[in-house]
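1. Next come a sequence and a model predicted from it.
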Amino acid sequence: MSELRNRRFVYAVVASLLGGLQVASADTATMPAATLRATVTYETGPAYIAQNDGDYGATGTRYSAADVGQQANLLLSRRASVELSHGRHTAILLYAPFEVLTEVVLARDLQFRDTLFLTGTLVQHRYLFDGYRGSYLYRFLERGGLSLEAGGSLQIRNAEVAFRSLDGAQRAAEDNIGLVAAAKTRLRYRPTSDSWWGGLEADGFSTFGLVSGVRGAIYDVQLFAGHPVARGVDLMFGARLLGGGANVESRDIYNWANFIAFTAGVRISLDTLLGAAR
């Protein structure tokens, strides 16, 4: 009798385990698979050049943003991005053009590379710094509407600094296309789908003096907030501090800049928007 009871107990345990596996398999089959989510963001607003110091050439003249009229007016900043997310992984493609054209009468002689612009010359100064950035983020914390992501960015820098006399007699320029890597992190808090949300996003890198003859750094830090205005569409507001620069001794280049921008824009969740239209 004891052996019979033991066999019945074992049979019952096995049957229970098999039944549990069948239920688990059925639940897994009905769970929705992680979907690809696409988001498009566009932001624009006024920007102010707080610092833009340059010095080009072995005998170049050090000049500032005020010397070339860059602080006389506010500028227009723009940026657009496409964000693709799948599970905990997110890829971001960003385009951020930035160009400043100013005209000023030089208050002193200015040497730019091999060209000397004399005091009193009416010049146009061009500062071009377009950014094409690809980023990857991994979300390793998500709890109660709070998420924290970390990863990296790779940016193609399309830059030109140029002086041109308005009579067309003189022109000198420094052109550069560069590739810059940076660490990236994003902290976001969204308690509910229909509430205000906000967070902090930052990209940054520094050589920390480890590269001989080169000192450089970049940073792009944004505080942002948003609110839904329609299904899949949010208005977005941000304050951004970005800048950096480099001192490359072998090429006699010195440029350090700091910009402040306040933006408003729209963030559109394409999968939500298309799902609502079906």
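-> Sure thing, it's come through.
2. so what's residue 267 up against?
-> Going by C-beta atoms under 8 Å, 6 or more residues apart in numbering, residue 267 touches 39-41, 226, 233-236. C-betas here are computed from N, CA, C, even on glycine.
3. Can you list the residue ranges for strands in the stretch 101-250 of the chain?
-> Taking DSSP state E, counting those that start in this stretch as the test, the strands found in the stretch 101-250 of the chain are 110-112, 115-117, 122-143, 146-165, 171-189, 197-206, 214-230, 233-248.
4. Just say which of these is most tucked in.
-> strand 110-112 (a mean of 21; mean count of other C-beta atoms under 10 Å).
5. That one - contacts with which helices or strands?
-> strand 115-117 (3 or more C-beta pairs under 8 Å, 6 or more residues apart in numbering; DSSP states H and E).
6. do that again at 7 Å, thanks
-> With contacts defined as 3 or more C-beta pairs under 7 Å, 6 or more residues apart in numbering; DSSP states H and E, strand 110-112 has no helix or strand neighbours.
7. and the closest residue to residue 176 other than its chain neighbours, what pLDDT?
-> Excluding its sequence neighbours, the residue lying closest to residue 176 (C-beta to C-beta, 6 or more residues apart in numbering) is residue 159, at 4.7 Å. With respect to pLDDT, residue 159 scores 93.
8. quick one: contacts of stretch 102-114?
-> Contacts to stretch 102-114, defined as C-beta atoms under 7 Å, 6 or more residues apart in numbering, come from residues 56-57, 59-61, 63, 68-70, 116-125, 163, 166, 172, 174.
9. How about stretch 137-146?
-> 88-90, 147-151, 184, 186, 189-191.
10. picking up where we left off before, among the contacts of residue 267, which one lies nearest to residue 271?
-> residue 39 (8.4 Å; C-beta to C-beta).
11. check contacts around that closest one.
-> Taking C-beta under 7 Å, 6+ apart, we find residue 39 in contact with 83, 267-270.
12. again, only using 10 Å
-> 81-85, 90, 92, 232, 234, 267-273 (C-beta atoms under 10 Å, 6 or more residues apart in numbering).
13. Residue 127 too?
-> For residue 127, the contact set (C-beta under 10 Å, 6+ apart) comprises 49, 52, 54, 65, 68, 70, 75, 98-102, 159-162, 255, 257.
14. Would you reformat the contacts of residue 267 as TSV and include pLDDT and distance to residue 131?
-> As requested, the contacts of residue 267 are exported to TSV (pLDDT from 0 to 100; distance: C-beta to C-beta, whole Å):
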residue	pLDDT	distance to residue 131
39	97	19
40	97	18
41	98	15
226	97	22
233	96	26
234	97	24
235	98	24
236	97	19
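15. rewinding a little: now the contacts of residue 39: which count as buried?
-> 81, 83, 85, 90, 92, 232, 234, 267, 269, 272-273 (16 or more other C-beta atoms under 10 Å).
16. Among those, which one sits closest to residue 213?
-> Using C-beta to C-beta, residue 92 is the member of the buried ones among the contacts of residue 39 that lies nearest residue 213, at 32.5 Å.
17. what's the helix or strand for that closest one?
-> Assigned by DSSP states H and E, residue 92 belongs to strand 89-96.
18. hang on, the earlier thing: drop anything exposed from the contacts of residue 127.
-> When the contacts of residue 127 are checked for burial by 16+ other C-beta under 10 Å, the buried set is 49, 52, 54, 65, 68, 70, 75, 98, 100, 102, 159, 161-162, 255, 257.
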